[in-house]
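# Got a predicted structure plus its sequence, pasted below:
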Amino acid sequence: MSVHKVMETMMTMTIPSADVLKQQASRLRDHLAGKNIDISHADALEAVAKQYGCKNWNVLSAMAKREKPENWLAIGDRVQGSYLGNAFSGQVIKQNLCDMASARNYSIRFDEPVDVVKSEHFSGFRQQVSMTLNKEGRSVDHKGRPDNIAELYG
């Protein structure tokens with residue numbers, strides 16, 4: 001892959017906070033320890049840096065400390081909002097680019113399951129949902145139009 005292509009990819013990628021990256025390194029270290037492969041925390045940090053296409057941990061850490069581009073949510077961010085009319089709080093566990101420059105695809109894990117069924121006869125609880133959100137934190141359809149499924153607060 002050319003240097004230009006790597007830089008282009010890195011410019012569009014959202015880097016989680018340094019704390020989230022350190023948690024990833026810790027989970028990697030724990031996973032490998034379970035397979036009797038011992039690595040230092042520093043080696044785990046370097047491995048995480050490589051996963052993000054960075055030369056080393058120092059480069060990745062500096063990127064993580066930069067302000068979030070265009071105020072998009074990042075993996076690990078805490079959020080509050082409304083999903084199908086139900087209040088929730090949770091954490092962003094996945095973020096991807098989508099076909100629209102004005103929106104991103106997110107997966108959010110709720111702190112407490114949300115009942116999305118309005119019936120007294122049965123319930124339908126959701127612990128995790130995927131949605132496409134615009135910069136204002138409102139869910140949108142495939143053409144970028146608000147669909148009133150979800151909205152994030154402040």
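Sure thing, it's come through. Being a predicted model, the structure only gives us computed values, none of them experimental.

# what about the nearest residue to Lys55 once chain neighbours are set aside, how many residues close to it?
Excluding the flanking residues, the one nearest Lys55 by C-beta to C-beta, 6 or more residues apart in numbering is Ala49, at 7.3 Å. To be clear about C-beta, it is placed using only N, CA and C from the backbone, and glycine gets the same treatment. By other C-beta atoms under 10 Å, 20 other residues sit near Ala49.

# what ranges of the chain fall below the confidence cut-off?
Filtered on pLDDT under 70, the chain yields the residue ranges 1-14, 66-70, 154.

# Looks like the residue nearest to Lys55 contacts Trp57 (just checking).
Yes - when contacts are counted by C-beta atoms under 8 Å, Ala49 is listed as touching Trp57 (4.7 Å).

# re earlier: so which helix or strand takes in the residue nearest to Lys55?
Element membership for Ala49 (DSSP states H and E) is helix 41-51.

# buried set for that helix?
Residues 44-49 are the ones in helix 41-51 that count as buried (16 or more other C-beta atoms under 10 Å).

# would you list those in TSV and tack on distance to His31?
As requested, the buried residues of helix 41-51 are arranged in TSV below (distance: C-beta to C-beta, whole Å):
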residue	distance to His31
Ala44	10
Leu45	15
Glu46	16
Ala47	11
Val48	12
Ala49	17
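
# Looking at those, which is nearest Glu120?
If you rank the buried residues of helix 41-51 by distance to Glu120 using C-beta to C-beta, Val48 comes first, at 47.9 Å.

# Spit out the contact partners of the closest one.
21, 24-25, 28, 57, 60 (C-beta atoms under 8 Å, 6 or more residues apart in numbering).

# Strands of the chain, start to end?
78-83, 86-97, 103-115, 125-134, 138-140, 146-152 (DSSP state E).

# Most tightly packed of those strands?
Among these, ranked by average contacts under mean count of other C-beta atoms under 10 Å, first place goes to strand 138-140 (a mean of 20).

# At the geometric centre of this protein, which residue sits there?
Ile75 (2.6 Å; C-alpha atoms, centre = their mean).
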